[in-house]
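Sequence first, predicted coordinates after that:
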Amino acid sequence: MFKKIILISAISGVLLTSAHAGLYVGTQVGISHSSSELKADNNATTGVLLGYQFPIFPLLKLGIETEFNYLNSMVKQNGQTGNLMTIPFYATANLNLPLGLNLTAKLGYAYNRINGVNESAFPNTLWRPAVAIGIGYQILGFNVFFQSSRYFLYNRGEQPFADAYTFGVTYEF
């Protein structure tokens, strides 16, 4: 029995140390799109991100992440144009595939602030769900990725949303 415990401990130690884990930072840029209720066109979006992930198995990492994103001209209501600032807090899952490829899923809640639109036209501050999926390629601590994000909003019974399609890079320490 004692030999089995030592063997299981050794195997789990090898599995946990074989996958990289730790703090990462990054930046992203792309285009944003909103649902028809927001009456906005496709526009630019930028963002920075900070996260930490830890290995569960050699191919799977779980973690937490926050981003600061700025989506330009996402709300057009009553002759006013508003920009969306969103700060999501995500739980993340990252699946490392062969040849440096990886898939990421994110689920969380976001603080959303709409600047430039009167509160009577659209609520300025909202805490709402946020989700994202991505695919990337990692080499030497850098991960180049494409990410699709959705930020759910709320406006007096309507359920509008804003999407962001971004390319970015992260560096894992």
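Perfect, thanks for sending it.

Please report the distance of Leu101 from Thr92.
16 Å (Cβ to Cβ, to the nearest Å). In short, each C-beta sits where N, CA and C put it, glycine included.

Distance check, the most centrally placed residue in the chain against Gly157.
Centroid-nearest residue in the chain, with Cα atoms, centre = their mean: Ala132, separated by 5.1 Å. Distance of Ala132 to Gly157, given as Cβ to Cβ: 26 Å.

now do Ile31
To Gly157, Ile31 is 28 Å away according to Cβ to Cβ.

Sheet-wise, list the partners of the helix or strand where Leu126 lies with their directions.
Element membership for Leu126, per DSSP states H and E: strand 125-139. Strand 125-139 sits in its sheet next to strand 101-115 (antiparallel), strand 142-152 (antiparallel), going by DSSP bridges.

could I get those strands as JSON lines with mean neighbour count, mean pLDDT and distance to Asn124?
Shown next, in JSON lines, are the strands paired with strand 125-139 (neighbours: other Cβ atoms under 10 Å; pLDDT from 0 to 100; distance: least, Cβ to Cβ, whole Å):
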{"stretch": "strand 101-115", "mean neighbour count": "18", "mean pLDDT": "95", "distance to Asn124": "5"}
{"stretch": "strand 142-152", "mean neighbour count": "18", "mean pLDDT": "96", "distance to Asn124": "15"}
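
For the closest residue to Asn115 other than its chain neighbours, which residues are in contact?
Leaving aside its sequence neighbours, Asn115 sits nearest to Asn83 (Cβ to Cβ, 6 or more residues apart in numbering; 5.1 Å). Listed by Cβ atoms under 8 Å, 6 or more residues apart in numbering, the contact set of Asn83 reads 70-75, 114-116.

where are the low-confidence patches of this structure?
By pLDDT under 70, the low-scoring segments of the chain are 1-20.

where do the helices sit along it?
Using DSSP state H, the helices found in the chain span residues 2-18.

these two touch, right, Phe167 and Phe146?
Yes - counting by Cβ atoms under 8 Å, Phe167 does reach Phe146; the two are 5.6 Å apart.

re earlier: dump the strands paired with strand 125-139 into a markdown table; add distance to Lys39 as well.
Formatted as a markdown table, the strands paired with strand 125-139 follow (distance: least, Cβ to Cβ, whole Å):
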| stretch | distance to Lys39 |
| --- | --- |
| strand 101-115 | 13 |
| strand 142-152 | 16 |
